[in-house]
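Trainee: give me a model of this one.
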Amino acid sequence: MKKSFLLLFLLAVPFLTWAQTRVNASEIISKINRGEAVTYKNAEIVGVLDLTRLDNMRLDKKADNKNSTNEYISTVKAPVTFVNCTFKDDVLAYYNPDNQDIKLLNRKNELFNTDFEKAVRFEDCVFEGYSAFKYAKFKDDVSFAGSSFQHEALFKYTKFSRSADFTNAKFAEEANFKYVAFPAEASFENAAFKREANFKYAKFSGDADFKAADFRGLANFKYTKVTNNMHLQRAMFRGDEDFKYTKVNNRMVFSRTEN
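Mentor: Presented below is the predicted three-dimensional model:
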């Protein structure tokens, strides 16, 4: 009898382990709304993780005519840490009803953004759905190191204050960092870009670190400005590249061979 019970228990362990690592996005939102620090490792997150409609959401800009929009901001006030997690659905720190591919519907003439007051870590994670951080403001350290984005990684106009670590990140679709102002500590070392790496109009206040990066689509650095140095040692360019009007260390360059 004891042996049979032990056998059944051992057979159930894999299921119990799986069940413990499956987390509903609503549980995470509840923690954030309570102001609690969020920490998950080796978890599978199911459901849309919508950070744009928190309990502290406020109207930031009121529409002044029928063609403009009401702009709302939610604030994540505690640290957020995800390590080796898989997000089965969308992760949204930005929402605009014009984004037809994003699953949330029924929001008209409204724009929703998210600010992060503490450190944010999405390390070695997989984003199977859409990830939208457009216009998001990160006031502390940020890391997406080792993470994989299976759809467009939308960071257009995102504001990083202290650090932005995308070391070893993998982008299956467009990596959109257009108009981003990067802090002095910013790294894309060993990152892999399967489609367009869009850094058009981006500004790096320190070095732009792309050592050993793999560019398989368009490497778009048109109008990019780098205050110090642009590191492209061992970087591979397998697609087109655009360094027109790129400025490094206050000097105009026209091709990566000049960096």
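
Trainee: drop to CA atoms for contacts and neighbour counts, all remaining ones
Mentor: OK.

Trainee: so Ala192 touches Ala169, yeah?
Mentor: Yes - counting by C-alpha atoms under 8 Å, Ala192 touches Ala169, with 6.4 Å between them.

Trainee: Asn113 versus Ala191, what's the distance?
Mentor: 27 Å (C-alpha to C-alpha, to the nearest Å).

Trainee: apologies, that question was intended for Ile28.
Mentor: In terms of C-alpha to C-alpha, Ile28 sits 18 Å off from Asn113.

Trainee: the two: which is more packed in?
Mentor: Asn113 (25 against 21; other C-alpha atoms under 10 Å).

Trainee: okay, and the beta partners of that one?
Mentor: Per DSSP bridges, the residues bridged to Asn113 are Ile73, Tyr94.

Trainee: where do the helices of the stretch 1-150 of the chain begin and end?
Mentor: Taking DSSP state H, counting those that start in this stretch as the test, the helices found in the stretch 1-150 of the chain are 2-21, 25-33.

Trainee: who are the packing partners of the shortest one?
Mentor: Secondary-structure packing of helix 25-33 (3 or more C-alpha pairs under 8 Å, 6 or more residues apart in numbering; DSSP states H and E): strand 38-41, strand 49-50.

Trainee: contacts for that helix, please.
Mentor: 37-38, 45-51, 54-56, 76-78 (C-alpha atoms under 8 Å, 6 or more residues apart in numbering).

Trainee: now with 7 Å, please.
Mentor: Contacting residues not belonging to helix 25-33 are listed as Val38, Ile45, Val46, Gly47, Val48, Leu49, Leu54, Asp55, Val76 [C-alpha atoms under 7 Å, 6 or more residues apart in numbering].

Trainee: give me the number of residues near Arg34?
Mentor: For Arg34, using other C-alpha under 10 Å, the count is 12.
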